[in-house]
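# Next one to model:
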Amino acid sequence: MKKYLLVLVVMLLVVTGCGEKKLTCTLEEDGQKATVTAKFGKDDIVTDVTMNMSMPFEKELTDEEKEQMESYMGIVCAAFDYEGITCDTKMKDKSVDVVVEMNMAKMDAETKEEMGYTDAEGTYDAMKKGMEESGYTCK
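Coordinates of the predicted model:
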């Protein structure tokens, strides 16, 4: 009976993802907020990165200003037009939110190279150090 309980506990840990490392870093500046969440595999190499950026406006935008901002944000997202990367913007009356998601397994070596990514820079410790050096607070 103890063997079955032990196997059940191990299976639950595997299924619930226990042991997956996660790094969350935030930066707030001039009312703007950026949050970067990175998930790491068993080899301590990043597997997924999600960046959320929220940029408030000083005043509510007119419809014309919203259209211009949506157009501009489309240009920003075009810079992330790679396999394995999605970029989405959400316009609000007083802010715009941008979400960029990267799935490292779906990105080819050429894309990673273009982005300046290496496995050495994709470790938990290296990413945390780099983010903190850029002014982010990580936990």
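
# Got the confidence number for the residue lying closest to Ala120 once chain neighbours are set aside?
In space, and not counting its chain neighbours, Ala120 is closest to Ala126: 6.4 Å by Cβ to Cβ, 6 or more residues apart in numbering. All C-beta atoms are positioned from the backbone trio N, CA, C, and that covers glycine. Ala126 is assigned 95 on the pLDDT scale.

# Counting neighbours, what do you get for Ala126?
16 (other Cβ atoms under 10 Å).

# could you say which helix or strand contains it?
helix 124-133 (DSSP states H and E).

# One more: Val76?
Counting by DSSP H and E, Val76 is found in helix 63-78.

# what's that helix in contact with?
Leu61, Cys87, Asp88, Thr89, Met91, Val96, Val98, Val100 (Cβ atoms under 8 Å, 6 or more residues apart in numbering).

# how far is that helix from where the chain is centred?
The chain centre lies 21 Å from the centre of helix 63-78; the measure is Cα atoms, centre = their mean, to the nearest Å.

# What residues of that helix count as buried?
Within helix 63-78, the residues that count as buried by 16 or more other Cβ atoms under 10 Å are Lys66, Met69, Met73, Cys77.

# go on, stretch 31-49?
Lys33, Ala34, Thr35, Val36, Ala38, Lys39, Phe40, Ile45, Val46, Thr47, Asp48, Val49.
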